[in-house]
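In: coordinates for the following, if possible.
(chains A and B)
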Amino acid sequence: MIKIIKDEPGHLLIAVDVSEANLENSELFKSQVTQLFDRHKKNMVIDFNKVEYIDSSFLGAMVSILKHAMGMKLDIALVSLQKDVYDLLLLIRLDKVFKIYGSYNEALLHL
Amino acid sequence: MANRQFVFLNNSDTLIAALKQMLEFVETNLPASTRAGKTIFNAKVVLTELLTNSIKHSGSSDTLITIEARNSSLLITKTDTGNPLSLIDNDLSSTKKPITNDILHTLYAVSERNDHLYFVCEENKMEDILAIDDIVEHFGLLIITKAADNFTYSYDHSTKSNIFKVILNY
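Out: Prediction:
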């Protein structure tokens, strides 16, 4: 479900390793990322390059994780979103609460 | 005008295959002049959330999805015999009742007549970014409401059926 790509001093880069992010895997995603926050206590960059579509259950898990991060004074950046995923975030205005960047390198400029 | 019915077995194992079949029908039957990309995106969003809603909430074994590709709009109808939406039990007569409210949106159910309502939402001013903690984590109805041009729910007592109708204009 989640792959750790880089463990840097100020952040973790992880990738979502499914193409359909939906109610089948949303709870697992939530628990794995929450554990990573609790264990590493670092900001998180989440690469969505492989994800072709997200449903409401997975979006709910993402918001829950963001709340968890903010409670720890940490943050989340989303990178490499495919068009349908980005358009869905825009539709329900989650681009107002998540930091979204085109690539990991672009996110690094703002971390 | 083309239309087709699909029976969905309300389990997540068949969701992706069912969705693919439905979207193939939509793609094949859209009038040539439509903005296909936008319509297909909205249809995918709506169908995904209707099917997910059935898996999570309907309580019935299957759901009937009917898709009608009309001259200027796509009509998606979902019918199941599961539990009625709890909103229908409340007194919504002539009211616009908020279902969810956070810094991003207020989603309302508006009752037009007995056992029939439609959904609308308003975008809120984000005055307090710290209120992220209050953002709702249930987006299904909101997503359908925002993707659709018209989204209604009715309950038919004679057949004990929940009927959701979504119109996407081309």
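In: quick one, helices of chain B?
Out: Secondary structure of chain B by DSSP state H: the helices cover B:15-29, B:36-53, B:140-147.
In: next: chain A.
Out: A:26-40, A:56-71, A:83-91, A:104-108.
In: okay if I get the helices of chain B as a markdown table plus distance to A:K42 and mean neighbour count?
Out: For glycine as for every other residue, the C-beta is placed from the backbone atoms N, C-alpha and C. Below are the helices of chain B laid out as a markdown table (distance: least, CB to CB, whole Å; neighbours: other CB atoms under 10 Å in any protein chain shown):
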| stretch | distance to A:K42 | mean neighbour count |
| --- | --- | --- |
| helix B:15-29 | 34 | 16 |
| helix B:36-53 | 32 | 21 |
| helix B:140-147 | 31 | 22 |
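In: between those helices, which gets nearest to chain A?
Out: Proximity to chain A (CB to the nearest CB) singles out helix B:140-147 among those, at 4.3 Å.
In: and that closest one with chain A, contact?
Out: Yes: Helix B:140-147 is in contact with chain A by CB under 8 Å from any CB of the partner chain, via B:140, B:142-143, B:146-147.
In: report the angle between that helix and helix A:56-71.
Out: Helix B:140-147 runs at 110 degrees relative to helix A:56-71, counting by axes from the mean of the first three to the mean of the last three CA atoms, to 10 degrees.
In: nearest residue to the middle of the chain?
Out: In the absence of a named chain, this looks at chain A. By CA atoms, centre = their mean, chain A has its centre lying nearest to A:I46, at 4.0 Å.
In: actually it's chain B I care about, not the one you picked
Out: By CA atoms, centre = their mean, chain B has its centre lying nearest to B:I144, at 4.6 Å.
In: so what's that one up against?
Out: Residues near B:I144 by CB atoms under 8 Å, 6 or more residues apart in numbering or on different chains: B:45-46, B:49-50, B:119, B:151, B:166.
In: how much space between it and A:Q82?
Out: B:I144 sits at a distance of 21 Å from A:Q82 (criterion: CB to CB, to the nearest Å).
In: same deal with B:K56?
Out: B:K56 is 25 Å from A:Q82, by CB to CB.
In: before we move on, what about B:T34?
Out: Distance, B:T34 to A:Q82, using CB to CB: 23 Å.
In: give the other helices and strands that the helix or strand of chain A with the lowest mean pLDDT contacts.
Out: The helix or strand of chain A with the lowest confidence, counting by mean pLDDT, DSSP states H and E, is strand A:53-54 at a mean of 92. Applying 3 or more CB pairs under 8 Å, 6 or more residues apart in numbering or on different chains; DSSP states H and E, we find strand A:53-54 packed against strand A:20-21, helix A:83-91.
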